[in-house]
Structure formats: structure tokens, C-alpha cells
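J.: no sequence on this one, just coordinates:
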């Protein structure tokens, strides 16, 4: 009776669960695990885990081996590896089917002799964390509502005054972003440095340990060699020596990714009071896409068409960043239900051409002539200030460049910028 009740509880858990033995064969899988899979597998019991999930076999084997050898649980969080198993998840906000973001736990199962005979795998759906981005959207809408309340006063000011207010707002945001980037840079700097040193220490210790073992095996008596091998086996030393460099490489890779994000945030926040210089257009696009990562997630596919060599234009870096930010953000906001954002930059003789194209809602022909006017917007009340594209046009004129817009309702919009190449010294 108790076993039957236990089985019913396991089958109804909203967490995917399966069990494997020492041969990596699946001995149990609950309905949540089976039902979430996107691959057609009527019954997984009796099948080899590493064959069924071939793409993740190397990762799964390393995790499971660590549980059998070290007799400790192992974990995989979605930030590190979002899709361990090919599973679907229904997003709570939109109801759209998407890949499940997972936290995976690998837990040892021991017998009465404390020997690990099986490993249980628990898969938890954490896709709901996408609600974080809804909170960010609500915050943005609240800020835009404040701008809307000031609109009546702004209309009475000259265009120059309106642009100055917008510049001050962007400067405030820039100062905040620069401060955040500075605060993060300090700890991530010494973490990266310590990890590099730790990796160097680890490699030296591994080499020393391996050399010591070789010497002992050659010189020591059989009873000492057997004792050493027993210690190595019980402590999982061979596995640790193999796994340690890879763990440190993963940690260094994570720290490097944080550095790139912080550097992009810092670059975006730089003051626009700067000299004219050569600006690497493709690099600035990459930086802007990192800053806009929250807007991109879950809905927009990015297609980049960049030449092999860097493309330099003559201008102010912060202004170009603002132009890219406003134009790309405008395209993303036009693709409410998802779509494709295509960005192309190329050099044609003495000119640089930048094309930003989306598959969004498009712009009505009657509105095309007004999209660069200050405070003109087709968005609903509270959804936009109408200053973004106006600023884009001002920056374009300041750089003695040109911009053309082609758009069709229901199909999307295409912004084509033409800039000057760097001036020869």
C-alpha cells in the first residue's frame, strides 16, 4: 500500500525524474520527464541514456561519473547550461511553446552498504524566470508615463530645448550605467585574476601528483602501491585530476562573459563630449546588441551581415552608439510578436552603408514623412515619447550622413544610413 502511494506521488510530481544504473541504462522515468521530451520515445526504460541523448552525452557522462565516484550530488543550473534535455515548456506570460530552461540535479542513490548503485536525475522547469523581463517592461512604461505628463510643457519649447532635455536624460542614464560598470569591474577583475592563478596552481599540482605516482609505482613495495591505488580509487583522484582543469576553464569563460557585458555597458555610457575619430561600426553594433539583450530575448532572431575586416566611419563614438541604440530599439519594439532583425554594414568606395531592417508592423505611407519629427509617435499613449528617431536624424545630420526609410505595413521597415569614411591625416 505504501509503495503504491509512493509511486503515485512520484508520477504526479511536476518535476521530471529518471533513474540510471552504473551501466548508464535508464531504469525509471516518470510521466513528467517523458511528457516533456520533444523527441518521440514511447518508453525510455531499458535504454542507454547516452545514446538517447547523444548531443549531451559528454556533459551527462561527466556529471554522472562525478556522482558515482565522489558520492556527492551534482548540479547544473540554467544560467550555465539552459537546455540539458530536449524538453518543451509553455511560457506562463504568452502561453507560447518554447524550449524548457532547466535546473538539473544529479543525486546519488546508495544501498545498505553506502555504495552508490544508481543516480537519480531531477529536471526542474525554470522558464517562468522570463517574468523578470515583464517587470522591466513595466518599469519602462512607468518612466514613459512620466515623459507623457511632461509632453504638454515640452510642446511649448523650441526644438533645441527639447533635444537638450533628452540629452540630459541620456547623460543621467549614462552616469548610472558607468557607475554600475565600475562597481562590477572591480570584483570581477580580481575573481578572474584569482581563477587564472588557481588554474596555474592546479596544473602544477596535477603534474606533480602524476609524477609522484609514477615514482612511487617504480620504487615502492607492492603493499604501498596497492595502498596508494586504494586511496586514489576511494577519493576519486583520477577523476578529479581530469575534471579540475575543465571546471576552471568553465569558470574563466563565465568571468570573461561578465567582463564583455560590463565593458559594453561602460562603452555605451561614455560621455558624448568627445573628439571626432575613427569608429569601428561593427564593434559598436555588437556592443549595442549586448545592451539590448533583454529586448532581444525570447522573440527576435538576429542576422548580421558583416565583412571580414573592420568597417570604420568618421564620427563621435557615443553619438553613433545612441543612433544604433534608438534605431535598433525602434525596430525591436515594432516586432511585438517576434520576427527577424537584419543588420548589415559594408564599405562602398568612400562611403559606409549601414542597413537595419526588421519584419515588424511597418509604417504607414502617410507617416513616413513625419517619423523624424520631435514627439511624433505611432505608439499608444504612454508607450513612447517620439524622441528616439528625432535624435537619430539629428545625429545623422551632425555626421553629414544620410538616412532613407523604406517601409510597408505588415511587412516591416528598412533604415539605410550612409556615412563618410575616416578622413586621411
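T.: Right, received. Where do you want to start? Since the model is a prediction, treat every value here as computed from it, not as a measurement. Numbering: from 1, shown residues only.

J.: Sketch out the helices for the protein, chain order is fine.
T.: In the chain, the helices defined using DSSP state H lie at 2-12, 31-36, 49-52, 57-70, 131-154, 159-219, 222-235, 237-268, 281-291, 293-296, 317-333, 388-398.

J.: ranking the ones you listed by burial, who's on top?
T.: Counting by mean count of other Cβ atoms under 10 Å, helix 317-333 has the highest mean neighbour count of the helices of the chain, with a mean of 22. Where you see a C-beta, it was placed from the backbone N, CA and C, and this is true even at glycine.

J.: and that helix, what other elements does it pack with?
T.: Contacts defined by 3 or more Cβ pairs under 8 Å, 6 or more residues apart in numbering; DSSP states H and E place helix 317-333 against helix 237-268, strand 277-280, helix 281-291, helix 293-296, strand 339-348, strand 351-358, helix 388-398, strand 412-420.

J.: Adding distance to residue 64 as columns, could you present these in TSV?
T.: What follows is these, written out as TSV (distance: least, Cβ to Cβ, whole Å):
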stretch	distance to residue 64
helix 237-268	11
strand 277-280	45
helix 281-291	35
helix 293-296	33
strand 339-348	39
strand 351-358	44
helix 388-398	51
strand 412-420	47
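
J.: If I average pLDDT within each of those, which one is lowest?
T.: Ranked by mean pLDDT, the helices and strands packed on helix 317-333 end with helix 293-296 at the bottom, a mean of 72.

J.: Give me the helices and strands touching that one, please.
T.: For helix 293-296, the elements it packs on are helix 317-333, judged by 3+ Cβ pairs under 8 Å, 6+ apart.

J.: Could I get the helices of the chain in a markdown table, plus columns for distance to residue 24?
T.: As requested, these are exported to a markdown table (distance: least, Cβ to Cβ, whole Å):
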| stretch | distance to residue 24 |
| --- | --- |
| helix 2-12 | 21 |
| helix 31-36 | 16 |
| helix 49-52 | 5 |
| helix 57-70 | 7 |
| helix 131-154 | 36 |
| helix 159-219 | 27 |
| helix 222-235 | 20 |
| helix 237-268 | 15 |
| helix 281-291 | 39 |
| helix 293-296 | 37 |
| helix 317-333 | 44 |
| helix 388-398 | 55 |
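
J.: Out of these, flag the one nearest residue 100.
T.: Nearest to residue 100, of all the helices of the chain, is helix 31-36, at 6.4 Å by Cβ to Cβ.

J.: outside of the closest one, which residues touch it?
T.: The contact list for helix 31-36 (Cβ atoms under 8 Å, 6 or more residues apart in numbering) reads 11, 13-18, 41, 43-44, 85, 87-89, 100, 123, 125.
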